[in-house]
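fold the following for me, if possible:
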Amino acid sequence: MFGAHSGEIAQARNLHLVEGVLVALRRQKPEVALSELVAVARAAQVSPFRLADALVTIAGRCPTDQGDLATVAVNDAWGELLNAGTDEARS
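This is a model prediction of the structure:
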């Protein structure tokens, strides 16, 4: 029943998760967060959905392919912010 749309549902869920992550990290409005996501995706030449997936994966502290373009873009754009919480937790 959901087979054809499950990928779209997952993409939409990840966009909402990323919106929340960026709002929390940057303390910005949701529309600004999504604009930033799109801008970073364009600059990295990856789809916003792929970038969102990479950001959710990294924010969740799950293993990633460090050579993947989306992973590199996430680390370049938000790595310092994402790692700040980890560094404080270790102190």
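
how about low-confidence regions in the protein?
With pLDDT under 70 as the threshold, the chain has low-confidence stretches at 1-4, 85-91.

report the central residue of it.
A centroid search over the chain (Cα atoms, centre = their mean) returns Leu55, at 2.4 Å, as the residue closest to the centre.

okay, and that residue sits in which element?
Taking DSSP states H and E as the definition, Leu55 sits inside helix 48-59.

buried sites along whatever helix or strand comes next after that helix?
Under the assignment DSSP H and E, the closest C-terminal helix or strand after helix 48-59 is helix 69-90. Of all the residues in helix 69-90, those buried under the rule 16 or more other Cβ atoms under 10 Å are 70-75, 77-78, 82. From N, CA and C alone the C-beta is placed, and that goes for glycine too.

using TSV, lay out those together with distance to Val23.
As requested, those are exported to TSV (distance: Cβ to Cβ, whole Å):
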residue	distance to Val23
Ala70	20
Thr71	21
Val72	23
Ala73	19
Val74	16
Asn75	20
Ala77	15
Trp78	12
Leu82	14
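
and which of those residues is nearest to Val40?
Minimum distance to Val40 across the buried residues of helix 69-90 is 4.7 Å, recorded for Ala77 (Cβ to Cβ).

count of neighbours near the residue nearest to the closest one when sequence neighbours are not counted?
Excluding its sequence neighbours, the residue lying closest to Ala77 (Cβ to Cβ, 6 or more residues apart in numbering) is Val40, at 4.7 Å. For Val40, the count of nearby residues is 20 (other Cβ atoms under 10 Å).

surely Val40 touches Ala73?
Yes. Contact criterion Cβ atoms under 8 Å: Val40 and Ala73 qualify, at 5.6 Å.
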